[in-house]
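J.: structure for this input, please:
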Amino acid sequence: MTSKPEAEIQPVEAEGPDGGWGWILVGGFFVCSILVYGVVLSMGIFFVEFVQYFEESAQAVSWITSTGLAAFNIQQ
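T.: Predicted structure coming up:
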């Protein structure tokens, strides 16, 4: 048996099964999660504005915040 000389052996680069798009998806999901988390945490700032805009009681407007929190918790 003869082996190939060192100059002829070339390393083969492995490519991901997704074509290299996996990190793009990870980055996109990270940005999306940060934006959703920020909106959910800032709902308290907008709550007073919602009460004034809809001219309703705090109990009648609280479903807006509750729906946002429920959607955020379902996502996780």
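
J.: poorly predicted segments of this structure, please.
T.: 1-7, 16, 75-76 (pLDDT under 70).

J.: same for the longest helix along it, what does it pack against?
T.: The longest helix of the chain (DSSP state H) is helix 22-41. Where contact means 3 or more CB pairs under 8 Å, 6 or more residues apart in numbering; DSSP states H and E, helix 22-41 is packed against helix 58-75. (Each C-beta comes from the backbone N, C-alpha and C, glycine too.)

J.: buried residues in the helix it packs on?
T.: By neighbour count on 16 or more other CB atoms under 10 Å, the buried set for helix 58-75 is 61, 72.

J.: name the residues that touch that helix?
T.: Contact with helix 58-75 is made by 33, 36-37, 39-40, 43-44, 47, 50-51, 54, as judged by CB atoms under 8 Å, 6 or more residues apart in numbering.

J.: so which of the residues you listed is the closest to P17?
T.: S33 (24.0 Å; CB to CB).

J.: quick one, the longest helix of the chain and helix 58-75 angle?
T.: Here the directions of helix 22-41 and helix 58-75 differ by 160 degrees (axes from the mean of the first three to the mean of the last three CA atoms, to 10 degrees).

J.: which strands and helices lie in contact with the helix or strand following helix 22-41?
T.: Downstream of helix 22-41, the next assigned helix or strand under DSSP states H and E is helix 43-54. Using 3+ CB pairs under 8 Å, 6+ apart, the elements in contact with helix 43-54 are helix 58-75.

J.: next, the angle from the helix it packs on to helix 43-54.
T.: 140 degrees.

J.: for helix 58-75, list the C-alpha coordinates in PDB.
T.: The C-alpha trace of helix 58-75 is given here as PDB (Å, rounded to 0.1, in the frame of the first residue of the first chain):
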ATOM      1  CA  ALA A  58     -58.900  50.200  34.500                       C
ATOM      2  CA  GLN A  59     -60.800  46.900  34.900                       C
ATOM      3  CA  ALA A  60     -62.400  47.200  31.400                       C
ATOM      4  CA  VAL A  61     -59.000  47.900  29.800                       C
ATOM      5  CA  SER A  62     -56.900  45.400  31.700                       C
ATOM      6  CA  TRP A  63     -57.600  42.700  29.100                       C
ATOM      7  CA  ILE A  64     -55.100  44.300  26.800                       C
ATOM      8  CA  THR A  65     -52.200  43.700  29.200                       C
ATOM      9  CA  SER A  66     -53.600  40.300  30.100                       C
ATOM     10  CA  THR A  67     -53.700  39.200  26.500                       C
ATOM     11  CA  GLY A  68     -50.200  40.300  25.900                       C
ATOM     12  CA  LEU A  69     -48.800  38.500  28.900                       C
ATOM     13  CA  ALA A  70     -50.800  35.300  28.000                       C
ATOM     14  CA  ALA A  71     -49.400  35.400  24.400                       C
ATOM     15  CA  PHE A  72     -45.900  35.900  25.800                       C
ATOM     16  CA  ASN A  73     -46.100  33.000  28.200                       C
ATOM     17  CA  ILE A  74     -47.500  30.700  25.500                       C
ATOM     18  CA  GLN A  75     -44.600  31.500  23.300                       C
END
